[in-house]
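> below are the sequence and a predicted model for it; my questions follow.
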Amino acid sequence: MNENKTILVTGASSGVGRATAQLLSKNHGVIIHGRDMERLLETKEQCAHSSQTIIWRHDLSDIDGIEESFNSQALSNGGVNIFGFVHCAGIININPLRAVSISSIAETMNVNYVSAVILTKILMSKKYNADSLRNIVYISSNISGFGAKAFSSYAASKGALDSFMKCMAVELAPRVRINSILPGGMKTRMTEETFNDQDLVERMESQYPLGMGIPENIADAVEFLLSDKAGWITGQQVTIDGGRTVNITG
């Protein structure tokens, strides 16, 4: 394990975040983030070198508390050099326009987008991270460039995340590479309510040439983008959706 290349993984208590933390922990130190301590402890036990895995518990909708919480829980012991940042944390508020509220918009934007901005700024700070950051991967969604009924707030938050990524890819180069991954549909804790609709699941499955995905598909791509093998890739939206967005079959 390369302890000098610690990676922060938000949303690591389940789904893509958990799979990503497990994979990356084989070769790196990891800081795993989430809201639920019980599930974070489960992730920690499933990580390689679990005794050296750091837990950061915080609700990212509380954007004003991110800096203090991260510093006190993840950085307070000193000696942590964060080489990579993977923002997997996210929420989905599915509301048609008539049901959209200021609070639901704010919560979605804060968790999916604003927290990523704040953490990127913190990790770029010499005060906190001593010029250690080199790679960032944001987990976006293939909905960010398309339309879907009742997904306006979620799609907007992911679109904002992708736009921010592109700007940072230019602003932070050549020191930092930054990309986003746009997954297609897969069953995770965040999407399990959607997958309870069997008719919807059957329609989705018929639209994915390679079938529905699993979190490990995304974790593998994250590992690649953080590696030296992706050394000339930055500012890219990498779609991984089993061919869903290229399928125009009637």
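Thanks, I have the structure now.

> give me the number of residues near the spatially closest residue to residue 73 that is not a sequence neighbour?
Spatial nearest neighbour of residue 73, excluding adjacent residues (C-beta to C-beta, 6 or more residues apart in numbering): residue 56 at 4.7 Å. Yep, even glycine has a C-beta here, placed from its N, CA and C like the rest. Neighbourhood size, residue 56 [other C-beta atoms under 10 Å]: 21.

> hey, what's residue 56 bridged with?
Applying DSSP bridges to residue 56 gives these bridge partners: residue 33.

> where's it relative to residue 94, distance?
For residue 56, the distance to residue 94 equals 28 Å [C-beta to C-beta, to the nearest Å].

> then residue 201?
The value you get for residue 201 to residue 94, if C-beta to C-beta is used, is 15 Å.

> can you check residue 205 too?
Separation of residue 205 from residue 94 (C-beta to C-beta) stands at 20 Å.

> between the two, which one's more packed in?
Set residue 205 next to residue 94 and count neighbours by other C-beta under 10 Å: residue 94 wins out with 15 against 12.

> surely that one is within a helix?
No: judged by DSSP: H, G, I helix; E, B strand; the rest coil, residue 94 forms no part of a helix; its state is coil.

> for the nearest residue to it once chain neighbours are set aside, what are its contacts?
Excluding the flanking residues, the one nearest residue 94 by C-beta to C-beta, 6+ apart is residue 150, at 4.9 Å. Under the criterion of C-beta atoms under 8 Å, 6 or more residues apart in numbering, the neighbours of residue 150 are 94, 95, 96.

> report pLDDT for residue 150.
Listed pLDDT for residue 150 reads 88.

> swap in residue 189?
Looking at residue 189, its pLDDT is 68.

> neighbours around the nearest residue to residue 52 once chain neighbours are set aside, how many?
Nearest residue to residue 52, sequence neighbours excluded (C-beta to C-beta, 6+ apart): residue 29, at 5.9 Å. Residue 29 is flanked by 22 other residues according to other C-beta under 10 Å.

> send me the helix or strand hosting residue 29 as PDB with only the CA atoms.
According to DSSP states H and E, residue 29 maps onto strand 28-34. What follows is strand 28-34 as a C-alpha-only set of coordinates in PDB (Å, rounded to 0.1, in the frame of the first residue of the first chain):
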ATOM      1  CA  HIS A  28      -3.600   3.400  -1.300                       C
ATOM      2  CA  GLY A  29      -4.600   4.800   2.000                       C
ATOM      3  CA  VAL A  30      -8.200   5.800   2.000                       C
ATOM      4  CA  ILE A  31     -10.400   8.300   3.900                       C
ATOM      5  CA  ILE A  32     -14.000   7.100   3.600                       C
ATOM      6  CA  HIS A  33     -16.800   9.500   4.100                       C
ATOM      7  CA  GLY A  34     -20.500   9.100   4.700                       C
END
